[in-house]
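S.K.: Quick one, what's the 3D model for this:
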Amino acid sequence: MAARTIIIVDCLDGALADYCYRRIAGYFEPEFRAVRIAADRDEIPADAAEYARESGAAGMVIGGSQYSPLDPLPWLPALEDFVAAFIETGLPVLGICFGLEIMAAALGGSLAKRPELAVALREVRLLESNSLFDGLGEVTFQPVCHEIMVADAPSGFLVAAESDDCPVQAMRHESLPVYGVQFHPEMDKDIKFTTRTG
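M.R.: Below you'll find the model as predicted:
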């Protein structure tokens, strides 16, 4: 039987895109096959449910980006529509940084611009216990790199973590397997940031 797939929505460019894609894909292989959609270079599927069926999707991860959902980019509306429709399939979804932000924007949450770009290790306070945070204590230190943040989670979402400078460090849907984190669980100590990120 062929391996089911995890769709990885890549919203980065260059070497950083390849690095993050390999890091995320590595968490799922070999049990799942990774399928990459380069959001700013590939055609975003018009029918998310059909694409999920045809690709044998078991879930989707939306990664970080040098861009912001607030930027006037031609591919962002199509990505928002795809994300909202994919969530409606009921399949698991994880948004990381920009992925969290684009989910919030697509589903009616609100975004805010921070006064400055945050590139740091932040103290993140977990507001609940759930499977996403298995193995972490009530306070965890996580790498962040963003200048946009979710100010208000969309309807149907609970805020699952916060930090002093970011009210939504993580959120989850009340009934669907849909999660978002502002921090970067895919990073390791060798990551280098050279451009603005979501």
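S.K.: which secondary element of the chain has the worst mean pLDDT?
M.R.: Least confident helix or strand, the chain: strand 110-126 with a mean of 86, by mean pLDDT, DSSP states H and E.
S.K.: Residues in contact with that one: which ones?
M.R.: 68-70, 101, 104-105, 133, 136-152, 160-166, 169-170, 183, 193, 196-197 (Cβ atoms under 8 Å, 6 or more residues apart in numbering). The way it works is simple: take the backbone N, C-alpha and C, and place the C-beta from them, glycine included.
S.K.: wait, doesn't Ser55 sit right on Phe32?
M.R.: No - counting by Cβ atoms under 8 Å, Ser55 does not reach Phe32; the two are 11.2 Å apart.
S.K.: intersection of neighbour lists for those two?
M.R.: Here Ser55 and Phe32 share the contacting residues Thr5, scored by Cβ under 8 Å, 6+ apart.
S.K.: And the strands in the chain?
M.R.: 5-11, 33-38, 57-65, 93-96, 110-126, 139-152, 157-163, 166-173, 178-181 (DSSP state E).
S.K.: Show the average pLDDT along the longest helix that the chain contains.
M.R.: Assignment by DSSP state H gives helix 14-28 as the longest helix of the chain. Mean per-residue pLDDT for helix 14-28: 89.
S.K.: Report the buried residues of it.
M.R.: Within helix 14-28, the residues that count as buried by 16 or more other Cβ atoms under 10 Å are 16-17, 19-21, 23-25, 28.
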